[in-house]
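>>> no sequence for this one, just the structure:
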């Protein structure tokens, strides 16, 4: 998508809130970790992650998303907001325990995975919550043609040394948890 600033991130937050029950599946993994939320949008997942994480760095390239997060996340003391693309996040290698993406990997692009995986500490995780390409039931979300299948994401991450440790399916989404060796 080229016009990130035209998105209504507050509306997107309200739509994404329906996915929060799925987040309970990863509470044990995120507890006490430093998490990077890439393409954080309006911050609804950053807020949820922060309840169990040591810290959350919420990154987005959109001015509109950054403005929304500053409003929505102002009370959260363990969340830092950064404006950046996925390819140029200003963090050192192996600096976070988890990289998290929600409804965004199809826009971030699989070519950004090398950079993102490099930010994960050894033994850390890459977690992807995304639209199921195989789901035809729900009429909202990105077009089926640009969604990534769980098998495509898994093949890309496996080729970069990560192993799928858990998969959860929920309505029109999948939640994939990968471990870095």
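Nice, thanks for sending it over. All of these numbers come straight from a predicted model, not from anything done at the bench.

>>> C-alpha from now on. contacts and neighbour counts both.
Fine.

>>> got any ranges where this structure has weak pLDDT?
Applying pLDDT under 70 to the chain picks out residues 1-18, 135-141.

>>> ok, now with 50
When residues are selected by pLDDT under 50, those of the chain lie in 1-5, 13.

>>> for it, which strand is longest?
strand 120-131 (DSSP state E).

>>> in its sheet, what does it sit against?
In its sheet, strand 120-131 lies beside strand 96-102 (parallel), strand 173-180 (antiparallel), with partners assigned from DSSP bridges.

>>> tell me which of those sits most buried.
Per-residue neighbour counts averaged over each of those give the maximum for strand 96-102, namely a mean of 24 (mean count of other CA atoms under 10 Å).

>>> bridging residues for residue 60?
residue 83.

>>> buried set for stretch 101-118?
When burial is assessed from 16 or more other CA atoms under 10 Å, stretch 101-118 yields the following buried residues: 101, 102, 103, 104, 105, 106, 108, 113, 116, 117, 118.

>>> if you could redo that for stretch 83-94, that was the one I meant.
Of the residues in stretch 83-94, those scored as buried under the neighbour-count criterion (16+ other CA under 10 Å) are 83, 84, 85, 86, 89.

>>> circling back to that earlier point, distance to residue 51 for the strands paired with strand 120-131 - can I get that in JSON lines?
Written out in JSON lines, the entries for the strands paired with strand 120-131 read as follows (distance: least, CA to CA, whole Å):
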{"stretch": "strand 96-102", "distance to residue 51": "15"}
{"stretch": "strand 173-180", "distance to residue 51": "19"}
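
>>> returning to what we had before: and of the buried residues of stretch 83-94, the nearest to residue 156?
Taking CA to CA as the measure, residue 156 sits nearest to residue 86 out of these, at 16.5 Å.

>>> circling back: tell me which two of the buried residues of stretch 101-118 sit farthest apart.
103 and 118 (20.9 Å).

>>> could you look up the SS state of residue 20?
Three states are possible here, and by DSSP: H, G, I helix; E, B strand; the rest coil the one that applies to residue 20 is helix.

>>> look up how far residue 87 lies from it.
Applying CA to CA, to the nearest Å, the value for residue 20 to residue 87 is 27 Å.
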